[in-house]
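Enquirer: what follows is a predicted structure for the sequence shown.
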Amino acid sequence: MFDWLRRMMRGRIIDDVPPELVQCEFGCRVAQCANGKWLTCENRIQAMNQELAALPSESRVAPESQRAAVADKLA
């Protein structure tokens, strides 16, 4: 009955978090990082390294969306 309301609210309130920002959104106390700080953030890099270490070796290439996001930050 309220399914339409839930879908509408989800679209307006809750946005998906890109994979490269998950640690920043949910595992960091800093409210807003400057681009330069994000690139060198130890918290983010450590979390990414832990995720990569847990993957099988053939899966350890960063997804295209993540490589593009980092390239955009560096530009």
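Expert: Yep, it's here. Numbers count the residues shown, from 1 in each chain.
Enquirer: tell me the SS of the residue nearest the centre of the chain?
Expert: In the chain, the centroid-proximal residue (C-alpha atoms, centre = their mean) is Leu21; its distance is 2.1 Å. Here Leu21 is recorded as helix under DSSP: H, G, I helix; E, B strand; the rest coil.
Enquirer: ok, now Cys33?
Expert: Cys33 - assigned by three-state DSSP - is coil.
Enquirer: give me the number of residues near Met33?
Expert: For the record, residue 33 is Cys, not Met. 15 (other C-beta atoms under 10 Å). For the C-beta atoms, the positions are set from N, CA and C on the backbone; glycine is no exception.
Enquirer: contacts only, for it.
Expert: Each residue near Cys33 by C-beta atoms under 8 Å, 6 or more residues apart in numbering is listed here: Cys24, Cys41.
Enquirer: next, it: phi, psi?
Expert: phi -100, psi 140 (degrees, to the nearest 10).
Enquirer: need the pLDDT of it.
Expert: You'll see Cys33 listed with a pLDDT of 80.
Enquirer: and the gap between Ile51 and Trp4?
Expert: Slight slip there: residue 51 is Glu, not Ile. Relative to Trp4, Glu51 is positioned 36 Å away (criterion: C-beta to C-beta, to the nearest Å).
Enquirer: do the same with Cys33
Expert: If you go by C-beta to C-beta, the gap between Cys33 and Trp4 works out to 37 Å.
Enquirer: cool, and Ala68?
Expert: 34 Å.
Enquirer: higher neighbour count, these two?
Expert: Ala68 (12 against 8).
Enquirer: quick one: average pLDDT of the host helix or strand of that one?
Expert: Here Ala68, judged by DSSP states H and E, is contained in helix 64-74. Averaged over helix 64-74, pLDDT sits at 70.
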